[in-house]
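Student: Sharing a model that was predicted from the sequence below.
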Amino acid sequence: MRRASWQEYQKDIASDKYYYARSCIRQNFFPGSERAFLDILHNDLGIDVFDDPLHTSCTGIGYHSDVVPLETIMTVVARQFALMAEAGYENFISSCITSFGIYNEVLATWEEFPETEERTRKYLKEATGRELVKPRSIAHTSDIMFHHRQAIARKAKLRLVNRHTGEPLKVVEHIGCHYAKIFPKSGIGGSEFPYVLAGMIEAWGGDVVDYPERRHCCGFGFRNYLVQANRGSSVANSHKKLESMAPYKPDFIVANCPGCAMFLDKWQYAIAEMEGMTYGADGRGIPVLTYEEMAGLVLGYDPWELGMQMHQVDVEPLLDKMGVEYSPEAKYLGAGGKYIGKPADVAVNCFDQRRIYEIKR
Amino acid sequence: MRNLNFGYGISRPRAIDMDNNDLRKSNAIIAEMPELQACIGCGSCTASCTAGNITNFNFRKLHTAVRRGEYRGAYEELNKCMLCGKCRLVCPRGINTRAMIMLIKRKLGDL
């Protein structure tokens, strides 16, 4: 990271005692990531994180799709904060970038328009009998991982280094738009040079790829893809990014947003099936990881325990480069050794160039 | 072969990509008639165009695209021009637009 502009954008991140708000959609896309986050904090770093079963979705998807009114989402957010206070915590951390944007937006709205806060307090009291207590600090879980990156580096069993060549792995980092593009001061490094993922990559031995479309949106944005007819525009965004990063030959992509990680992974499948185009080495796709999965691999977690068999683009080439020990036979075995089914072969995981040429023709 | 139809394609960007556009034809046109660079984009040529009244032919849009190296469909579009020369009469910069159309057709016809 040659530029130091990110240092102008800093925020206070608490070091312990977090109230954890899960994402509503990550459990489906990358089911092992949130578990891995809790395990890393609890077991590896000995940090107190409270995973509250009472909290709900922040309703951000509905809000951004115009089906949830502002007053409703404010009351839902107020309830999450009330639950945090009831559990005895002050540091609110959110697993989802959309939620993180929502929490910041609601807090900023209450600050700018105090009457909305008063109304929300009234609605919360009437609906649930709870009292709103605002958090002392609010952070995204990637901020927390960034905050503890050196502690993780000290416990690392593997580094982001190609064991065959000894060279650092080339990593594309993608930051969700709602992390710092809405409120630049809410993110480490601001909106233009967010350092949150780059800091982790550098601390764990990798090289960050600085490519032309680095700050381009992945195309997720809720309105962009909800209607099938609009998805051509949505996929065009990921397509633009993949075209832009491919010449730098990245070893993998890491994202801190549920939607971005899912889109950059799954759109590679769609693009390969539609146009026969793949962007990784040997005609394969580029593996896409969440930052928890990246941290998990560095700490020596089993990739199938991290849920990496749920990725569209196969991660085995990356695991081999890093020197991760894994059992290929165990890939599709779920809890208790139960076979969970193997997906059909797809172009994005096919290294046979003839197959790609067939699709192109 | 399995070429899946998801019900949508990949939308192409409308951005002007000057890094990848092939400007050789464009440069050759400007080298031969440098007065095209004096165009101020007023649109008088298009407003007075007989072909533009009955079709969507738009000379201003077309020569702007050609100068940017965007040649796709330009030759076919220029066939709509009837070479009446009204555009030449109204051009405030005195550009010989009719000759320009012939020049562009000649250069792009070789594509």
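Tutor: Everything's here; your move.
Student: show me where chain B has helices.
Tutor: B:24-32, B:44-47, B:50-54, B:59-67, B:74-78, B:86-90, B:97-109 (DSSP state H).
Student: List the contacts of the residue nearest to A:Arg149 when sequence neighbours are not counted.
Tutor: The shortest distance from A:Arg149 to any non-neighbouring residue, by C-beta to C-beta, 6 or more residues apart in numbering or on different chains, is to A:Ala203 (4.2 Å). Yep, even glycine has a C-beta here, placed from its N, CA and C like the rest. A:Ala203 is in contact with A:Arg149, A:Gln150, A:Ile152, A:Ala153, counting by C-beta atoms under 8 Å, 6 or more residues apart in numbering or on different chains.
Student: ok so, going back, out of the helices of chain B, which comes closest to A:Leu242?
Tutor: helix B:59-67 (27.3 Å; C-beta to C-beta).
Student: can you give me the angle that closest one makes with helix B:24-32?
Tutor: With axes from the mean of the first three to the mean of the last three C-alpha atoms, to 10 degrees applied, the angle from helix B:59-67 to helix B:24-32 works out at 110 degrees.
Student: which other helices and strands contact helix B:59-67?
Tutor: Helix B:59-67 sits against helix B:24-32, helix B:44-47, helix B:74-78, helix B:97-109, with contacts defined as 3 or more C-beta pairs under 8 Å, 6 or more residues apart in numbering or on different chains; DSSP states H and E.
Student: In a markdown table, list those along with mean neighbour count, mean pLDDT and distance to A:Ser191.
Tutor: What follows is these, written out as a markdown table (neighbours: other C-beta atoms under 10 Å in any protein chain shown; pLDDT from 0 to 100; distance: least, C-beta to C-beta, whole Å):
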| stretch | mean neighbour count | mean pLDDT | distance to A:Ser191 |
| --- | --- | --- | --- |
| helix B:24-32 | 15 | 95 | 37 |
| helix B:44-47 | 19 | 96 | 41 |
| helix B:74-78 | 17 | 92 | 39 |
| helix B:97-109 | 18 | 93 | 43 |
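Student: could I get those helices as JSON lines with distance to A:Tyr19?
Tutor: Output for the helices and strands packed on helix B:59-67, formatted as JSON lines (distance: least, C-beta to C-beta, whole Å):
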{"stretch": "helix B:24-32", "distance to A:Tyr19": "61"}
{"stretch": "helix B:44-47", "distance to A:Tyr19": "63"}
{"stretch": "helix B:74-78", "distance to A:Tyr19": "61"}
{"stretch": "helix B:97-109", "distance to A:Tyr19": "65"}
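Student: Mind checking which of the contacts of A:Ala203 land in helices?
Tutor: A:Arg149, A:Gln150, A:Ile152, A:Ala153.
Student: how much space is there between A:Gly323 and A:Pro212?
Tutor: Taking C-beta to C-beta, to the nearest Å as the measure, A:Gly323 falls 31 Å from A:Pro212.
Student: Same check on B:Gly73?
Tutor: Counting by C-beta to C-beta - B:Gly73 and A:Pro212 are separated by 28 Å.
Student: now swap in A:Arg149 and tell me
Tutor: Distance, A:Arg149 to A:Pro212, by C-beta to C-beta: 27 Å.
Student: A:Tyr339: neighbour count?
Tutor: 8 (other C-beta atoms under 10 Å in any protein chain shown).
Student: re earlier: so which of the contacts of A:Ala203 comes closest to B:Ala15?
Tutor: A:Arg149 (36.4 Å).
Student: For the closest one, the count of nearby residues, please.
Tutor: 20.
Student: for stretch A:83-96, the distance to its chain's centre please.
Tutor: 19 Å (C-alpha atoms, centre = their mean, to the nearest Å).
Student: Quick check: end-to-end length of that stretch?
Tutor: Start-to-end span of stretch A:83-96 (C-alpha to C-alpha, to the nearest Å) is 18 Å.
Student: What of stretch B:73-86?
Tutor: 23 Å.
Student: how close does the residue nearest to the spatial centre of chain B sit to chain A?
Tutor: Nearest to the mean C-alpha position of chain B, by C-alpha atoms, centre = their mean, lies B:Leu62 at 2.3 Å. Between B:Leu62 and chain A the distance is 26 Å, computed by C-beta to the nearest C-beta, to the nearest Å.
Student: Next one: that residue, what pLDDT does it get?
Tutor: We have a pLDDT of 95 for B:Leu62.
Student: which ones are touching it?
Tutor: B:Leu62 neighbours (C-beta under 8 Å, 6+ apart): B:Ala74, B:Glu77, B:Leu78, B:Ile104.
Student: Please enumerate the strands of the stretch 1-150 of chain A.
Tutor: For the stretch 1-150 of chain A, the strands defined by DSSP state E, counting those that start in this stretch cover A:18-21, A:49-51, A:91-94, A:137-140.
Student: For stretch A:27-44, list every residue counted as buried.
Tutor: A:27, A:29-30, A:32-41, A:44 (16 or more other C-beta atoms under 10 Å in any protein chain shown).
Student: Run through who's touching it.
Tutor: A:18, A:20, A:22-23, A:26, A:47, A:49, A:51, A:95, A:141, A:144-145, A:148, A:152, A:155, A:258, A:261-262, A:290, A:292-293, A:295-296, A:299, A:301, A:305-308, A:310-311.
Student: circling back to that earlier point, which one of B:Gly73 and A:Pro212 is surrounded by more residues?
Tutor: Using other C-beta under 10 Å, the more surrounded residue of B:Gly73 and A:Pro212 is A:Pro212, with 14 against 10.
Student: Name the nearest residue to the more buried one, sequence neighbours excluded.
Tutor: A:Ser244 (5.0 Å).
Student: Is that neighbour in contact with A:Asp210, as I believe?
Tutor: No: taking contacts as C-beta atoms under 8 Å, A:Ser244 lies outside contact range of A:Asp210: 11.0 Å.
Student: So for stretch A:88-98, what gets flagged as buried?
Tutor: For stretch A:88-98, a neighbour-count test (16+ other C-beta under 10 Å) marks A:Tyr89, A:Asn91, A:Phe92, A:Ile93, A:Ser94, A:Ser95, A:Cys96, A:Ile97, A:Thr98 as buried.
Student: As a markdown table, those residues with pLDDT and distance to chain B would be great.
Tutor: Below are these laid out as a markdown table (pLDDT from 0 to 100; distance: C-beta to the nearest C-beta, whole Å):
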| residue | pLDDT | distance to chain B |
| --- | --- | --- |
| A:Tyr89 | 97 | 44 |
| A:Asn91 | 96 | 42 |
| A:Phe92 | 97 | 38 |
| A:Ile93 | 96 | 36 |
| A:Ser94 | 96 | 31 |
| A:Ser95 | 95 | 29 |
| A:Cys96 | 95 | 26 |
| A:Ile97 | 95 | 24 |
| A:Thr98 | 94 | 23 |
